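task: produce atomic coordinates for the following.
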Amino acid sequence: MEDNIIIRPLTNGDCAAIQALILPIQQIEFNIPITLEKQPDLLNIEKNYHATGGGFWGALAGEKLVGTIAMIGIGGGAGAIRKMFVEKEWRGKEKQIAQQLLAALIGYSRTNGITNLYLGTVDVLKAAQRFYERNGFQPIQKSAMPANFPFMAPDTVFYHLDLTTYA
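Next up, the predicted model:
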């Protein structure tokens, strides 16, 4: 585990750093045809995440944002995980950044009465899918997702984690 990584909540003051991390990963690295205009949530973190009962967390190496994870509270004790991205140089089991980010989100969820986590991802993100599955997420059909889940157009693979049975 990297000793110099700090996981902390992100706010609107971090929007530029969040966009600078996420957009190149989506557009350049993974060739996902999505723009900032199609992700207006990245322009107001506090309204779109914190105000829903969710949150937005970042992994910082010094002052540099190297990873993010977010959750939208969707009601009924459920949350929708979004924006799980780690800069390429900071990925991998040895660095544990994705694991630390997920642990922060799960800790917050447990403290705030969120017992079910859902997420959608893109088929091309195989490493992300393996990561979620290693962490107890179960693949589910899109039709089994909660009615109030905020779907993103590119998402084709869906997961659920029941925190009441998660160790």
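
this structure: strands as residue ranges?
Per DSSP state E, the chain carries strands over the ranges 5-9, 55-61, 64-75, 78-86, 116-121, 138-140, 157-162.

between those strands, which one is nearest to residue 27?
Within these, the stretch nearest residue 27 is strand 78-86; the backing value is 11.8 Å (Cβ to Cβ). Glycine gets a C-beta too; all of them are placed from N, C-alpha and C.

so what strands line up beside the closest one?
Its sheet considered, strand 78-86 pairs with strand 64-75 (antiparallel), strand 116-121 (parallel) by DSSP bridges.

any chance of JSON lines for these, columns mean neighbour count?
Listed next are the strands paired with strand 78-86 as JSON lines, based on neighbours: other Cβ atoms under 10 Å:
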{"stretch": "strand 64-75", "mean neighbour count": "22"}
{"stretch": "strand 116-121", "mean neighbour count": "21"}
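
and the pLDDT for residue 1?
pLDDT for residue 1: 44.

no wait, residue 34
The model's pLDDT for residue 34 equals 86.

one more: the one 4 residues further on?
At residue 38 the predicted local distance difference test score is 90.

got phi/psi on the closest residue to it other than its chain neighbours?
Leaving aside its chain neighbours, residue 38 sits nearest to residue 153 (7.5 Å; criterion: Cβ to Cβ, 6 or more residues apart in numbering). The phi/psi pair for residue 153 (degrees, to the nearest 10) reads phi -50, psi -40.
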